[in-house]
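*Asks:* Can you look at this prediction? I've put the sequence above it.
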Amino acid sequence: MVPAPPPSFVPFDSTRALLRAQAHVCICRHLHLILFGFSPLSLQITFFTRHSFPPLRPLFYLFLTQWNPTIRATTKVHTFSIFPGGKQSISFRSYPHFPQHLYGLPSHESLDLALAMSDQSALDILASHGVTRLLSSHGQLPLSSLENQSICILFSANWCRPCRTFIPQLTQLYETVNAAGEHPLEIIFVSLDHDEDAFNEHLRCMPWLAVPFDASLHGRLNKHYRVHRIPSLIPLTSEEIPDLDELIGLIEDYGAEAFPFTKKRLEELKILDVSRREDGNLEHLLAGEGRDHLFLSDGGAGRLPISHLTGKTIGLYFGASWSPPCSDFTRQLMEAYAELKEATGDQCFEVIFVSTDGNKEEFDASKCSMPWPVIPYADKSRKDLCRIFNVRRIPALIIIGQDGKTASREGREMVSEYGAMGFPFTEERRREVEEWLRKEGEKLGREVKDARHEHVLKPGMAKAYVCDSCKRGGRFWALSCEDCNYDLHPNCLN
């Protein structure tokens with residue numbers, strides 16, 4: 001996202017303002033009828049905020065399409081509803097970047113609240129700003145052709161790198177939703193480019209409609225919808241929607257599943273994520289569309305059915321080939337993995353690699369040296385798992401217990417500190433290991449003498465060392481000489 005300075009806000013009592021609006025409605029309606037002799041065709045609500053003139057805040061100029069309108073606040077604090085003459089209701093919402101709780105309005109600015117949330121009123125707003133036709137890959141379409149469709153307005157620019165990254169993801173969503181055909185979706189592109197050549201270049205990668213390039217028109221639409229950063233996708237719906245920054249992330253995370261971009265849908269998706277993480281069903285968690293197996297990373301076409309993982313402790317390893325910390329941790333994990341496989345005969349532990357690489361070549365470089373199965377690079381569940389477990393840094397090792405539920409998020413730390421001894425890598429096991437190490441240290445005493453070395457040896461903890469007696473590697477307790485570089489396994493003490 002390309003940021004912009006946030007607006008300053010002043011407190012605003014929406015309920016009192018709406019009650020005052022009822023009086024202004026009647027006055028303005030009759031004045032308009034007396035002065036002009038006809039009922040107006042559009043509605044505009046404007047707030048004027050002045051710190052120095054509180055009695056004048058807010059001042060409404062209301063022009064209504066029906067007789068006997070009334071206004072009330074709905075349960076959605078940022079939504080206004082207008083009920084003309086007991087007929088159809090038209091919902092109006094504050095500008096899209098307004099906070100979820102109506103706190104205030106920009107100081108010393110007027111705020112246009114005529115953002116109609118039904119399809120027809122959305123088209124009226126575009127028409128009121130001079131939009132009469134839209135561009136498509138097949139030529140031009142009249143604005144009226146969009147009736148009875150879900151409409152979103154996309155503010156984007158060719159010079160914006162986050163926009164260019166977001167467009168392919170939105171394109172996939174757009175094509176998937178419209179291929180289903182149940183609820184057609186239309187997107188209207190409004191460019192924030194500086195010239196028509198950049199506009200045309202950006203438009204070529206979009207399958208949806210666009211407002212013809214007109215810097216002045218685009219500026220008015222930008223001001224009308226209060227666009228503070230791009231890319232910005234604004235659903236024109238009467239339902240409550242997430243914060244627009246959150247909406248971009250919602251689309252990036254869930255793709256077509258995010259449609260129809262409402263808060264209700266977001267809550268449903270979060271509940272599904274929790275269910276996949278906590279219901280103990282490995283196939284529900286690890287399977288992909290048309291896939292009930294994992295791929296072995298031996299370079300062949302070997303597959304491991306997910307059902308064969310039942311009853312095992314599983315480590316979901318999130319990593320990438322370009323990350324040096326991941327390279328270091330991969331070696332540590334491979335040592336623990338091999339030791340556990342040798343000790344238990346492939347019965348208790350399995351690692352599954354979930355790549356966060358940026359392309360297929362990097363993914364192939366990652367998996368070629370790994371002995372465990374992987375989630376395919378092109379599989380959507382790879383990104384789903386990163387979201388479900390909220391992976392924000394790599395390397396990460398999420399431990400799934402034998403019951404199929406999350407047992408620990410600290411698998412990386414456990415493997416790095418204790419290796420295979422830390423299995424099954426839970427907090428309870430950490431306490432057991434630390435207690436065992438404490439007791440082992442007490443047995444060693446403060447200093448010892450070995451017949452093969454002239455100096456006194458003192459016990460101490462070491463992540464890794466090589467024993468000067470057996471020439472094998474060791475970790476945890478070591479008997480070390482402070483005068484020279486001499487280390488012994490406690491078991492090698494003579």
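*Replies:* Noted; the coordinates are in hand.

*Asks:* Tell me which stretches of the stretch 201-350 of the chain form strands.
*Replies:* Ranges of strands in the stretch 201-350 of the chain, per DSSP state E, counting those that start in this stretch, are 209-210, 232-236, 293-295, 303-305, 313-319, 349-355.

*Asks:* Dump these into a markdown table; add mean neighbour count and distance to Ser327 as well.
*Replies:* C-beta: built from backbone N, CA, C; applies to glycine. Formatted as a markdown table, the strands of the stretch 201-350 of the chain follow (neighbours: other CB atoms under 10 Å; distance: least, CB to CB, whole Å):
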| stretch | mean neighbour count | distance to Ser327 |
| --- | --- | --- |
| strand 209-210 | 21 | 45 |
| strand 232-236 | 23 | 38 |
| strand 293-295 | 21 | 21 |
| strand 303-305 | 13 | 24 |
| strand 313-319 | 24 | 9 |
| strand 349-355 | 22 | 13 |
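
*Asks:* Check the gap between the residue nearest the centre of the chain and His228 for me.
*Replies:* Geometric centre of the chain, nearest residue: Gly249, 4.0 Å, by CA atoms, centre = their mean. In this structure, Gly249 lies at 16 Å from His228, with CB to CB, to the nearest Å as the measure.

*Asks:* OK, contacts around Gln172?
*Replies:* Gly255, Ala256 (CB atoms under 8 Å, 6 or more residues apart in numbering).

*Asks:* name the element it belongs to?
*Replies:* helix 161-180 (DSSP states H and E).

*Asks:* picking up where we left off before, for the residue nearest to the centre of the chain, give its distance to Glu447.
*Replies:* Gly249 is 58 Å from Glu447, by CB to CB.

*Asks:* any weak-confidence spans in the stretch 101-250 of the chain?
*Replies:* Scanning the stretch 101-250 of the chain for pLDDT under 70 picks out the ranges 101-122.

*Asks:* Now the phi/psi pair for Trp372, please.
*Replies:* phi -110, psi 170 (degrees, to the nearest 10).

*Asks:* Nearest spatial neighbour of it, chain-adjacent residues omitted?
*Replies:* Take Trp372 and drop its neighbours on the chain: the residue closest to it by CB to CB, 6 or more residues apart in numbering is Val351, 3.9 Å away.

*Asks:* ok, now which ones touch the one you found?
*Replies:* Ile314, Gly315, Tyr317, Leu333, Tyr337, Met370, Trp372, Pro373.

*Asks:* Tell me the bridge partners for it.
*Replies:* Gly315 (DSSP bridges).

*Asks:* So which bits of the longest strand along the chain are buried?
*Replies:* What stands out as the longest strand in the chain, according to DSSP state E, is strand 456-466. With burial defined by 16 or more other CB atoms under 10 Å, the residues of strand 456-466 counted as buried are Leu457, Pro459, Tyr465.

*Asks:* Do me a favour and get the end-to-end distance for stretch 451-459?
*Replies:* Terminal residues of stretch 451-459 are spaced 16 Å apart (CA to CA, to the nearest Å).

*Asks:* rewinding a little: and the contacts of Val351, which is closest to Asp279?
*Replies:* Ile314 (14.9 Å; CB to CB).

*Asks:* Okay, that closest one and Leu244: tell me how far apart.
*Replies:* From Ile314 to Leu244 the distance is 37 Å (CB to CB).

*Asks:* Run a quick neighbour tally on Glu482.
*Replies:* Neighbour count for Glu482, taken as other CB atoms under 10 Å: 11.

*Asks:* From Val456, how far off is it?
*Replies:* 8 Å.

*Asks:* Check the offset of the helix holding Gln172 from the chain's centre.
*Replies:* Centroid separation for helix 161-180 versus its chain: 15 Å, with CA atoms, centre = their mean, to the nearest Å.

*Asks:* Buried ones in that helix, by neighbour count?
*Replies:* Using 16+ other CB under 10 Å as the test for burial, helix 161-180 gives Cys163, Phe166, Ile167, Leu170, Leu173, Tyr174, Val177, Asn178.

*Asks:* As JSON lines, these with distance to Pro207 would be great.
*Replies:* Formatted as JSON lines, the buried residues of helix 161-180 follow (distance: CB to CB, whole Å):
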{"residue": "Cys163", "distance to Pro207": "16"}
{"residue": "Phe166", "distance to Pro207": "14"}
{"residue": "Ile167", "distance to Pro207": "10"}
{"residue": "Leu170", "distance to Pro207": "10"}
{"residue": "Leu173", "distance to Pro207": "11"}
{"residue": "Tyr174", "distance to Pro207": "6"}
{"residue": "Val177", "distance to Pro207": "12"}
{"residue": "Asn178", "distance to Pro207": "9"}
